[in-house]
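Participant: have a look at this prediction, sequence included:
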Amino acid sequence: MLKCEKEIKEKYATPGKKVVVYRGAKPPIDVLFVGEAPGWQEDTVGKPFVGPSGKLLDKWIATMPKKVKVGITNTVMVMPTTSDGLIRKPTPKEMEDFRPAFRQVFLETKPSTIVVVGSTAAEALLSMRIGQCVGKAYPRLYGVTMGVMYHPAYYLRQGKDGVADFKRLYQVIVSLSQKPSE
């Protein structure tokens, strides 16, 4: 558990929903995966990416060198739902409201790399549409190298695993991370 987790959970407490902050290695970490928001499984368990998309994300992570310390969080840390209780995409206001919580996780985990996972996270962190930035990496953005992937749910809907795409992106990230900053 991160030191900032208790404070974040208290600040963003929502009746009937869990505040889902982080899962992964103890800080400092090497790579922080950042997704959209919790779903049903995440709200039940209280950890990000524990459902089918999380299992696929774990498969991507398993392709990385074992020494790489990884963490996982979301741009919005409470499951967004409609008035009927259905899961929906986070609103720009929700993404903005959770920016301080994400910043706390980022500062505590101290990643050298962020992998942005999905369109909502790309909009929240890069102010870009996913089609503009997927498969690309950006050196030294916010002081870290950032790479962008489609969300694991996208690959699951396509009947694919995305492993080859992730391996390609990870190699680009590694090559950018090794270049001296200008």
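Facilitator: Right, received. Where do you want to start?
Participant: secondary structure class for residue 106?
Facilitator: helix (DSSP: H, G, I helix; E, B strand; the rest coil).
Participant: how about the contacts made by it?
Facilitator: For residue 106, the contacting residues are 32, 114, 142, by C-beta atoms under 8 Å, 6 or more residues apart in numbering. Bear in mind the C-beta positions are built from the backbone N, C-alpha and C, glycine included.
Participant: now do residue 109
Facilitator: For residue 109, the contact set (C-beta under 8 Å, 6+ apart) comprises 2, 22, 24, 27-29, 32, 71.
Participant: partners of the spatially most central residue of the chain in the sheet?
Facilitator: Geometric centre of the chain, nearest residue: residue 34, 1.2 Å, by C-alpha atoms, centre = their mean. Beta-bridge pairing for residue 34 (DSSP bridges): residue 73, residue 116.
Participant: so who does it touch?
Facilitator: Here residue 34 is in contact with 72-75, 102, 114-117, 121, 125 (C-beta under 8 Å, 6+ apart).
Participant: how much space between it and residue 170?
Facilitator: 15 Å (C-beta to C-beta, to the nearest Å).
Participant: quick check: buried residues in the least confident helix or strand in the chain by mean pLDDT?
Facilitator: Ranked by mean pLDDT, DSSP states H and E, the weakest helix or strand in the chain is strand 137-141, scoring a mean of 83. Judged by neighbour count (16 or more other C-beta atoms under 10 Å), strand 137-141 contains these buried residues: 137-138.
Participant: please apply the same query to stretch 21-38.
Facilitator: Those would be 21-24, 27, 29-38, for stretch 21-38 by 16+ other C-beta under 10 Å.
Participant: between the residues you listed, which is closest to residue 12?
Facilitator: The closest of the buried residues of stretch 21-38 to residue 12 turns out to be residue 21 (C-beta to C-beta; 9.0 Å).
Participant: the closest one belongs to a strand?
Facilitator: No. Per three-state DSSP, residue 21 lies outside any strand segment and is coil.
Participant: pretty sure it is touching residue 108, no?
Facilitator: No. Counting by C-beta atoms under 8 Å, residue 21 sits too far from residue 108 to count as a contact (10.2 Å).
Participant: joint contacts of these two?
Facilitator: Here residue 21 and residue 108 have 2, 4 as joint contacts, going by C-beta under 8 Å, 6+ apart.
Participant: what's the top helix by length along the chain in contact with?
Facilitator: Criterion DSSP state H: the longest helix present in the chain is helix 163-178. Under the criterion C-beta under 8 Å, 6+ apart, residues 59-60, 63-64, 112-113, 115, 135-139, 145, 147-150, 155 lie in contact with helix 163-178.
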